[in-house]
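> Predicted model, plus sequence, below.
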Amino acid sequence: MAAQRLDVPGTFNFRDVGGYPCAGGVVKHGVLYRSDGLARLDDAGRAALASRNVRTVIDLRDGYEVASMPDALDGLDVTTVSLPVFEGSGASQGDGVITLEALYERMVTQHAPVVVQALRTIAEHRDGAVVVHCTAGKDRTGVVIALALLAVGVPRDVVIEDYAATQANLAGEWLEGMIALLATYNVVDSPEIRVLMGGSPAEAITSVIDLIEQRHGSVREYLLSAGLTLGELGDLESRLVDRA
C-alpha cells in the first residue's frame, strides 16, 4: 500500500514515505516527506509543516520556477537547499515531445551529481524532518525518492507503487490548473501533455530502474559510481531505517 496523501493545506501530493519495509527493518515515519510545490501554503499549511517538525526543504526546481512560485515558508524555522535539476521543469516540458521515460533517463545520466547531492542532504540533515519537492512532486521528486528508497533496500515493487500513487493525487484541481497555465504559453491540451504534467505510470519509473540495473547492477552501485560514498550510504540508512 502506497503512502497516503497527508492533509497539508496548500499541497496536493504531500506524503510520508515512512512505514515501507526495507532491508533489516522499516523506513522511519516522520523523517522523509515528498511533496508538490509549497507556494500555495497558507497559515494552516505552514502549521502542518511545523507540527511535523520539518526543518529542511530540498527544492529541485529551476530558478525560473522558484522565481515564479516561491515556497511560502515565511515564519518557519527551515533550511531550504536548492538543487535545481532543470529537467522536468515546466520550461523543459513545454514542447510536449519528451516522454517520461526519456526525461528520467536524462535525470539519472546528465544530472546524477544533483541526485547524489539530494540523497547526501537527506542523510546529513538530521535536525528534524526533510521534505523533497519540485512542482508536481512526481518526476524530479519521484526519481530522487525512488532512488533513496531503493538505496536502503525498499523492495522494487513497493517503490514503483509509491511513485505511481502521485497520479491520483494530482488529478482534478492541480492538473486542470496546470493545463490552464500551459495554455497561456500556447501549449495545446492533449493526452500526451496530461501524462507529462500529471501522470505517473508505473512503466515510467520501471524504465529508469531497469536502465540503472542494466548499466550498474544496482541502484547502490549507480550511486557509488555517481559520487556517493559507502559511508554516506550508511548515513542514509541510519537516517531512514528503523531496525528495532
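Received the coordinates, thanks.
> Counting residues, which helix of the protein comes out longest?
Longest helix in the chain by number of residues (criterion: DSSP state H): helix 202-216.
> Pull out the buried positions in that one.
Of all the residues in helix 202-216, those buried under the rule 16 or more other C-beta atoms under 10 Å are 204-209, 211-212, 216. In this view, the C-beta of every residue, glycine as well, is placed from N, C-alpha and C.
> what comes up buried for whichever helix or strand comes after that helix?
Toward the C-terminal end, the helix or strand that comes next after helix 202-216 (DSSP states H and E) is helix 219-225. Of the residues in helix 219-225, 219-220, 222-224 count as buried by neighbour count, 16+ other C-beta under 10 Å.
> between the buried residues of helix 202-216, which is nearest residue 49?
Using C-beta to C-beta, the shortest approach to residue 49 within the buried residues of helix 202-216 belongs to residue 205, at 26.3 Å.
> Contact partners for the closest residue to the closest one other than its chain neighbours?
In space, not counting the residues next to it along the chain, residue 205 is nearest to residue 163; the distance is 4.2 Å by C-beta to C-beta, 6 or more residues apart in numbering. Residue 163 makes contact with 138, 142, 145-146, 200, 202, 204-205 under the criterion C-beta atoms under 8 Å, 6 or more residues apart in numbering.
> cool, and residue 143?
Shown here is residue 143, whose contacts under the criterion C-beta under 8 Å, 6+ apart are 104, 107-108, 115, 205, 208.
> Next, the angle helix 202-216 makes with the helix or strand that the residue nearest to residue 205 is a member of.
For residue 163, the host element (DSSP H and E) is helix 156-164. Helix 156-164 and helix 202-216 are oriented at 130 degrees to each other (axes from the mean of the first three to the mean of the last three C-alpha atoms, to 10 degrees).
> So which bits of helix 156-164 are buried?
Those buried within helix 156-164 under the rule 16+ other C-beta under 10 Å are 156, 158-164.
> Please work out how many residues are found near the spatially closest residue to residue 5 that is not a sequence neighbour.
Take residue 5 and drop its neighbours on the chain: the residue closest to it by C-beta to C-beta, 6+ apart is residue 169, 5.1 Å away. Burial measure for residue 169: 22 neighbouring residues, criterion other C-beta atoms under 10 Å.
> Can you give me the distance of residue 169 to residue 42?
Taken as C-beta to C-beta, to the nearest Å, the spacing of residue 169 relative to residue 42 amounts to 19 Å.
> if we can go back for a sec, the residue nearest to residue 5 belongs to a strand?
No - Residue 169 is assigned helix when assessed by DSSP: H, G, I helix; E, B strand; the rest coil, not a strand.
> What's the separation between it and residue 38?
Plainly put, residue 169 is 15 Å away from residue 38 if you go by C-beta to C-beta.
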